[in-house]
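Student: Everything below, folded, please.
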Amino acid sequence: MAEKKSLKDQNAWLIRAAMIAHIVAFAAVSMRPLQLLGTDTRGLMVKLQAAALPGSASLGLIVIASLILLGLVPSALRDKLVHLRWSDPLPGCRAFTEVGPSASHVNMSAIENKHGPLPTAPSEQNQLFYRIYRDYRDDVGVLDAHRRYLAARDIGTITAMLVIPLPLLSWAITRDGTRSVSYCAALLVIYLLCALAAKNYSRRMVEHVLALASSRRKKAPSPSEGRGPIHLKSAGAALRE
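Tutor: Purely as a prediction, here's the structure:
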């Protein structure tokens, strides 16, 4: 049986594609328009395809660059960057006071009947949401929303890290302030779009988990599954896996 890929492994090609897009955009901004118009488009596409081939030196550099960029930003900070919230950024922190009640397909009464009085404190909501999430994390809809969230979050994080240095480098090369400012604005817009997408995907994941929990019977714990303290792990860990 083939080894199951993690969600981050499944998103690896999207991260690489985003890195290649940033490289191409930077080259386009840093080159003069007449040079771009005179470029052999067919030759350029061949070079880009060669750079994306597995085992190529260019792809290796792209993979290393993406690993370094993402490694510089902890998962908790990535969540804050894309949710634009410094404290309790994940929607699991508002699962029972905001996300669930606003979703028409979630029966909050059924969830309360299963789990007792629902918490209102953000950290306690996140902890209870993770307990519920564990029973449904392999559902196709949950996996899809989770994978899309991680992809949008990581691409948004990389873009946020490039908003200042790439336009400055472009200005150093071209000495064209207007073009560099426009490039900076474009990167900022891309980051905000990624943040919006990530926020929507993570909220969709929470809604889907709660909808499943409110429409199915609670799964009995297996004998080997202990009832350890729930504060050891939270929904934040789930979204960061």
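Student: Please enumerate the strands of this structure.
Tutor: Counting by DSSP state E, one finds no strands in the chain.
Student: And for residue 20, the neighbour number?
Tutor: 16 (other C-beta atoms under 10 Å). All C-beta atoms are positioned from the backbone trio N, CA, C, and that covers glycine.
Student: measure it to residue 68 for me?
Tutor: 16 Å (C-beta to C-beta, to the nearest Å).
Student: Could you do residue 144 as well?
Tutor: In terms of C-beta to C-beta, residue 144 sits 28 Å off from residue 68.
Student: who's more crowded, the two?
Tutor: More neighbours surround residue 144 than the other of residue 144 and residue 68, with 15 against 9 (other C-beta under 10 Å).
Student: Quick check: the gap between the more buried one and residue 137.
Tutor: Counting by C-beta to C-beta, the gap from residue 144 to residue 137 is 12 Å.
Student: for residue 179, same thing?
Tutor: From residue 179 to residue 137 the distance is 46 Å (C-beta to C-beta).
Student: Same check on residue 71?
Tutor: 25 Å.
Student: Of these two, which one has the most company?
Tutor: Remark: of residue 71 and residue 137, residue 137 carries more neighbours, 15 against 8, as counted by other C-beta under 10 Å.
Student: Might one say that the more buried one is in contact with residue 145?
Tutor: No: between residue 137 and residue 145 there is no contact under C-beta atoms under 8 Å: 11.0 Å.
Student: Helices of this structure, residue ranges please.
Tutor: For the chain, the helices defined by DSSP state H cover 7-10, 12-30, 33-37, 41-52, 57-71, 75-83, 100-102, 108-115, 122-136, 140-162, 165-174, 177-215, 235-240.
Student: I'd like those helices laid out as JSON lines, including distance to residue 90 and mean pLDDT.
Tutor: JSON lines is the format used below for these (distance: least, C-beta to C-beta, whole Å; pLDDT from 0 to 100):
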{"stretch": "helix 7-10", "distance to residue 90": "16", "mean pLDDT": "73"}
{"stretch": "helix 12-30", "distance to residue 90": "21", "mean pLDDT": "82"}
{"stretch": "helix 33-37", "distance to residue 90": "42", "mean pLDDT": "45"}
{"stretch": "helix 41-52", "distance to residue 90": "33", "mean pLDDT": "50"}
{"stretch": "helix 57-71", "distance to residue 90": "18", "mean pLDDT": "65"}
{"stretch": "helix 75-83", "distance to residue 90": "6", "mean pLDDT": "89"}
{"stretch": "helix 100-102", "distance to residue 90": "14", "mean pLDDT": "91"}
{"stretch": "helix 108-115", "distance to residue 90": "18", "mean pLDDT": "90"}
{"stretch": "helix 122-136", "distance to residue 90": "6", "mean pLDDT": "92"}
{"stretch": "helix 140-162", "distance to residue 90": "10", "mean pLDDT": "91"}
{"stretch": "helix 165-174", "distance to residue 90": "28", "mean pLDDT": "88"}
{"stretch": "helix 177-215", "distance to residue 90": "7", "mean pLDDT": "93"}
{"stretch": "helix 235-240", "distance to residue 90": "5", "mean pLDDT": "53"}
